[in-house]
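**Student:** take this sequence and fold it.
(chains A and B)
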Amino acid sequence: MNGHSRWIWIPQLIVVGILGPMGWGKLAGTVGEIELFTMLGMEPTGRILVGLVELGAAALLLTPYAANGAVLAISVMLGALIAHSTHLGFDPTAEGGIFVILLFVVLISAHVVVYFRRKELPFIGETL
Amino acid sequence: MGGVVDLERLSKAANVAIVGFAVAAFFAGYHVSFYYHFLTVGFAMLVGLNFFYRHVQKEHALLSNFGFMAQVRYVLEGIGPELRQYLFMSDTEERPFNRVQRSEVYRKAKGVDSSEAFGSLLEFDGSEFKLLHSLYPVPKSELESYSLTFGEERGIAQTHVMTKPLMISAMSFGSLGEHAIRALARGAKQAGVLMNTGEGGYPKHHLAEGCDLIFQMGTAKFGVRNGDASLNDEKLRAIADLEPVRVIELKLSQGAKPGKGGLLPKEKISQEISDLRGVPMDRDVVSPPSHVECHDAASTVALLARVQEVSGLPVGIKLCLGRDRELGELIAEMKRQDVLPDYIAIDGAEGGTGAAPKAFMDDFGTPLFQALPAVHRLLQEHGVRDRLKLFAAGKLINPGRQITAMSLGADAVYSARGFMLALGCIQALHCNTNGCPVGITTHDRALQAGLDIQKKSERVVNYVHALDHDWYELLSALGRRTFRDLDESNVLMPARLSLLDRTGQGVAGGAP
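**Tutor:** Got it, this is the predicted structure:
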């Protein structure tokens, strides 16, 4: 898209770099992911669903529709935030703890992308 | 806001409701199933967006006062043009071309029968130009074929003969994408019509199909300029030496934006265009309002003489009529220096453009059917009408208007948008955004993919052939053996249009 400096690709690639492997891990069914989603009572349907959304967001972030991908990324991270607040806890040393740190990295990066590409969003872009 | 539904109260209730839904979904997600958190996230994001609308942004009063429900208005407004075009506008309402006018071109281009049933959809209240037929139509076998020779009046070596009274008007590579240019050029070659390159620098894509070309020199002189937009003789000579380039056109002004130079929005400037024109990619390209060499009649004629001498080709000028006194002075100066253009193309104020400032598009210039008789008469008064050709441009997409223009003094006509419609233009009015949905006025590879060069070039050929058929039908009905015999007595002027005011003379056709 026109009108952006290239640096906007830095947060985009950060999100892709984290969400891509995470989504793939969920689809592949790693031990850790299965354990987390069992705790949430969403194994296996929820794990596959969230994995697909994560991969979709990562894919969009590499196209001219990056703004949409960033919104999807934010929505997944909000879900993760709820999961950690209500079921999983925030202890970075516990099982799945590294996810907590990555969660905030993705959340902030995706917000940066959405903010600078907000005009490109469908329907609401014009009024943002 | 009133009506059956109180939109004001509805929107305020919605602002509260989404918070309630978010909370409810959260509790359901916590106590029933985590899957409810998909809803929690959705509503939470909507609440966030709504907070931004109501308490952060200051640009949109409606969103600030009523929140996300007001967004419906912006969405509907955004798709309004499409809704109107598809659902609500009648067949004669749309602008610049209504459905009746467009579908005639579509049918001609597709080679479909263009007869209509029951009766005309147009007005018959004296507000339109009508052609006046003869009681004694000329048998078609007695009609003379059209022929026009560029440059014959000056007796130059390199003349060009045209056998149809129609040319593809100026559209540059820049305003149009590569596929559209190639399709037009291929069609032009096959149909045997001249194609104008527009003001787009070296006409690389126009040349690709080998059709005969009019090279247009705009005020920025892309392709033939020095750094200061003055004429570079060497470059002009090189262009004129190209075999397909038959005629040179010096553009003084354009109907869609008289008094303004060409405009190419930055969204449409690809690397290739930037290279061909020698312009930067990060800003709109605005051509100067006039040629740097031209500041009065004498210097304008001097530039014309120089282009004629350097190129050795027929050289015409194109302009939109502003003050007719100035044009009178220009013609007098041409006579004084004994330098006449090989043609003058009159561009009506209703002419098209890829991009123009709104005030110039709407409020400037003389409409074609007022300008044309005035210029025709001006040339007669100066005794030079038979020393040059007169062309007309401006919404001449249908045979009726084209023959009307030829009756009002034109020797041939230009059309650009007629050919765009033949290519499949749906009048989406996105020519300035690089987002043309049918791939004509865009450089987007994906959008151009839908424009098949061979298929669309056939439409161009069909369009020309169907017009050619109609012109002779009309000529016969008007009781004229040749196009040269057409005159103002073939045209019924609208009652409202007072040509008397402009020229101080009556019109043979007369007002009813």
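**Student:** interface residues of chain A facing chain B?
**Tutor:** With CB under 8 Å from any CB of the partner chain as the criterion, chain A comes near chain B at residues A:2, A:40-42, A:46, A:71, A:74-75, A:78-79, A:82-83, A:86-87, A:123-124, A:126-128. For the C-beta atoms, the positions are set from N, CA and C on the backbone; glycine is no exception.
**Student:** same thing but at 10 Å, please
**Tutor:** For chain A, the residues in contact with chain B (CB under 10 Å from any CB of the partner chain) are A:2-3, A:37, A:39-42, A:45-46, A:49-50, A:53, A:64, A:71, A:74-83, A:85-87, A:118, A:122-128.
**Student:** strands of chain B, start to end?
**Tutor:** B:130-131, B:148-150, B:160-162, B:166-168, B:195-196, B:213-217, B:245-251, B:263-264, B:285-286, B:315-319, B:343-347, B:389-393, B:412-415, B:491-492 (DSSP state E).
**Student:** strands - which of the residues of chain A next to chain B land there?
**Tutor:** Per DSSP E, these never map to strands.
**Student:** burial of residue 16, as a residue count?
**Tutor:** Looking at chain A here, since you left the chain open. Neighbour count of residue A:16, defined by other CB atoms under 10 Å in any protein chain shown: 22.
**Student:** that's the wrong chain, I meant chain B
**Tutor:** When counting by other CB under 10 Å, one arrives at 10 neighbours for residue B:16.
**Student:** which residues does it contact?
**Tutor:** Contacts for residue B:16 (CB atoms under 10 Å, 6 or more residues apart in numbering or on different chains) come out as residue B:67.
**Student:** please indicate which of the residues of chain A next to chain B are buried?
**Tutor:** Neighbour-count burial (16 or more other CB atoms under 10 Å in any protein chain shown) is assigned, among the residues of chain A next to chain B, to A:37, A:40, A:42, A:46, A:50, A:53, A:71, A:74-83, A:118, A:124, A:127-128.
**Student:** around chain A, which positions in chain B sit nearby?
**Tutor:** Within reach of chain A by CB under 10 Å from any CB, chain B has these residues: B:26, B:29-30, B:32-35, B:37-38, B:40-42, B:44-45, B:48-49, B:52-53, B:57, B:59-60, B:62-63, B:68, B:70-75, B:77-79, B:266-267, B:269, B:281-282, B:434, B:446.
**Student:** hmm, try it at 8 Å
**Tutor:** B:26, B:29-30, B:33-35, B:37-38, B:40-42, B:44-45, B:49, B:52-53, B:57, B:59-60, B:63, B:71, B:74-75, B:78, B:266-267.
**Student:** keep only those of these that are in helices.
**Tutor:** Counting by DSSP state H, those place B:26, B:29-30, B:37-38, B:40-42, B:44-45, B:49, B:63, B:71, B:74-75, B:78 in helices.
**Student:** distance from the chain centre to stretch B:434-442, please.
**Tutor:** 14 Å (CA atoms, centre = their mean, to the nearest Å).
**Student:** that one: end-to-end distance?
**Tutor:** Stretch B:434-442 has an end-to-end distance of 4 Å (CA to CA, to the nearest Å).
**Student:** run a quick neighbour tally on residue B:222.
**Tutor:** 28.
**Student:** who touches the nearest residue to it once chain neighbours are set aside in this structure?
**Tutor:** Setting aside the residues directly before and after it, residue B:222 is nearest to residue B:201 in space (CB to CB, 6 or more residues apart in numbering or on different chains), at 3.8 Å. By CB atoms under 8 Å, 6 or more residues apart in numbering or on different chains, residue B:201 lies in contact with B:172, B:173, B:174, B:222, B:223, B:273, B:276, B:277, B:278.
**Student:** still on that earlier bit, any quick ChimeraX command for the buried ones out of the residues of chain B next to chain A?
**Tutor:** Entered in ChimeraX, the line below selects the buried ones among these, by 16+ other CB under 10 Å:
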select /B:26,29,30,34,37,38,40,41,42,44,45,49,52,53,60,63,71,267
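**Student:** now for the ones in helices among the residues of chain B next to chain A, which pair is the farthest apart?
**Tutor:** Distance extremes for those: the farthest pair is B:30 and B:78 at 38.4 Å, using CB to CB.
**Student:** in the stretch 401-512 of chain B, which segments are predicted with low confidence?
**Tutor:** For the stretch 401-512 of chain B, the stretches with pLDDT under 70 are B:496-512.
**Student:** ok, and the closest non-adjacent residue to whatever residue of it ends up closest to chain A?
**Tutor:** Minimum separation of the stretch 401-512 of chain B from chain A (CB to the nearest CB) falls at residue B:434, amounting to 8.9 Å. Of all residues beyond its chain neighbours, the one nearest residue B:434 is residue B:267 (4.3 Å), with distances taken as CB to CB, 6+ apart.
**Student:** might one say that that neighbour is in contact with residue B:433?
**Tutor:** Yes. Using CB atoms under 8 Å, residue B:267 makes contact with residue B:433 at a distance of 6.0 Å.
**Student:** report how many residues lie close to residue 36.
**Tutor:** If you meant another chain, say so; for now it's chain A. Residue A:36: 22 neighbours (other CB under 10 Å).
**Student:** if you could check chain B rather than the one you did, that'd help
**Tutor:** Counted with other CB under 10 Å, the neighbours of residue B:36 add up to 17.
**Student:** could you pull up the residues touching it?
**Tutor:** B:25, B:26, B:28, B:29.
**Student:** now the two most distant members of the residues you listed.
**Tutor:** Maximum distance among those (CB to CB): 7.3 Å, for B:26 and B:28.
**Student:** centre-most residue in the chain?
**Tutor:** Using chain A. Geometric centre of chain A, nearest residue: residue A:73, 3.4 Å, by CA atoms, centre = their mean.
**Student:** wait, I meant chain B there
**Tutor:** Taking CA atoms, centre = their mean, chain B has its central residue at residue B:352, 2.6 Å away.
**Student:** for chain A, what spans make up the helices?
**Tutor:** Secondary structure of chain A (DSSP H): helices located at A:9-28, A:31-40, A:45-60, A:66-83, A:97-116.
**Student:** now do the stretch 51-200 of chain B
**Tutor:** Secondary structure of the stretch 51-200 of chain B, counting by DSSP state H, counting those that start in this stretch: helices at B:61-66, B:71-78, B:80-83, B:99-110, B:178-191.
**Student:** can you tell me which of these is most buried?
**Tutor:** helix B:178-191 (a mean of 24; mean count of other CB atoms under 10 Å in any protein chain shown).
**Student:** distance check, the nearest residue to residue A:86 once chain neighbours are set aside against residue A:87.
**Tutor:** In space, and not counting its chain neighbours, residue A:86 is closest to residue B:30: 5.6 Å by CB to CB, 6+ apart. Using CB to CB, to the nearest Å, residue B:30 is found at 9 Å from residue A:87.
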